[in-house]
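Visitor: Have a look; sequence and predicted model below, questions after that.
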Amino acid sequence: MLVEEIMTTELITLSPNSTISEAVQIMKDNKIRHIPIVDENKKLVGLVSSKTLKNEISLNAITETGTPISEKKIEDVMIKNVITGHPLDFVEEIALTFYEMKISCLPILSGGQLVGLVTASDLLYTYVELTGANKPSSKIDIRVEDRPGILSDILVVFKKHNANVLSVLLFPDSKDEKYKIVSIRVQIINPLSIIEDLKKEQFNVLWPNLPGISQ
């Protein structure tokens, strides 16, 4: 999935000469936490967050010149070295950027112009949609040996039950590197019969570990 598929394109921006009070009011009115700062040519020159503004206001009430902090210019408090992305970046890549750089917002540029914005909330919502967790479904976790063809062997059981698989996640077993955990979300509310057949085929079902089902 590409960034352009999940980024917000209807952007609210401010200029460097805007004030903190303007930014705070805009965030409140529009229920947003980040505002890109652009110059007269619509070039990105900075970024402000609600956290930055709250810290600025709480630490100081009046500037050294006697001007209220709320009337201080955005250019004095904005982040200037902004990390950015491109519309054709992969969502997985920017998710890693969020994690490694500990950021919560990423402006998206194309041809030097601001074209979008991606937030941590956008990434979380995308994850929920991709995994199918927002749909009536059940999740089955299976511990398997890390070998070629194991996934197709598992899915044969699901096919037998004509089950609609919404997502498949694969991650290492923290206890043994020779094994992996396969997490399958299936569009069935009661997966009991699938779990029974998985166990008959000697698959180690970790979740749900329902009572009354043979181990």
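Guide: Received, thanks. What you see is a predicted model, and the numbers here were worked out from it, not measured in a lab.
Visitor: Just give me the residue closest to the centre of the chain.
Guide: The residue at the geometric middle of the chain, judged as the C-alpha nearest the mean C-alpha position with C-alpha atoms, centre = their mean, is residue 123 (2.0 Å).
Visitor: so it touches residue 95, yeah?
Guide: Yes: in this structure, residue 123 sits in contact with residue 95. The criterion is C-beta atoms under 8 Å, and the distance is 5.5 Å. To be clear about C-beta, it is placed using only N, CA and C from the backbone, and glycine gets the same treatment.
Visitor: which parts of stretch 195-202 are buried?
Guide: Neighbour-count burial for stretch 195-202 flags 195-196, 198-199 (criterion: 16 or more other C-beta atoms under 10 Å).
Visitor: before we move on, what about stretch 19-33?
Guide: 19-20, 22-24, 27, 32-33.
Visitor: just to confirm, which helix or strand has residue 94 in it?
Guide: helix 91-101 (DSSP states H and E).
Visitor: secondary structure class for the residue nearest to the centre of the chain?
Guide: Three-state assignment for residue 123 (DSSP: H, G, I helix; E, B strand; the rest coil): helix.
Visitor: How about the one 3 residues further on?
Guide: Classification of residue 126 by three-state DSSP places it in helix.
Visitor: ok, the closest residue to it other than its chain neighbours to residue 57 distance?
Guide: The spatially closest residue to residue 126, leaving aside those adjacent along the chain, is residue 6, at 5.1 Å (C-beta to C-beta, 6 or more residues apart in numbering). Counting by C-beta to C-beta, to the nearest Å, the gap between residue 6 and residue 57 amounts to 32 Å.
Visitor: Residue 172 and residue 180 touch, don't they?
Guide: Yes: the pair residue 172 and residue 180 qualifies as a contact (C-beta under 8 Å) at a distance of 6.0 Å.
Visitor: Could you name the helices and strands sitting against the helix or strand of the chain at the bottom of the mean pLDDT ranking?
Guide: Within the chain, no helix or strand scores below helix 50-59, which has a mean of 77 by mean pLDDT, DSSP states H and E. The helices and strands touching helix 50-59, judged by 3 or more C-beta pairs under 8 Å, 6 or more residues apart in numbering; DSSP states H and E, are helix 20-30.
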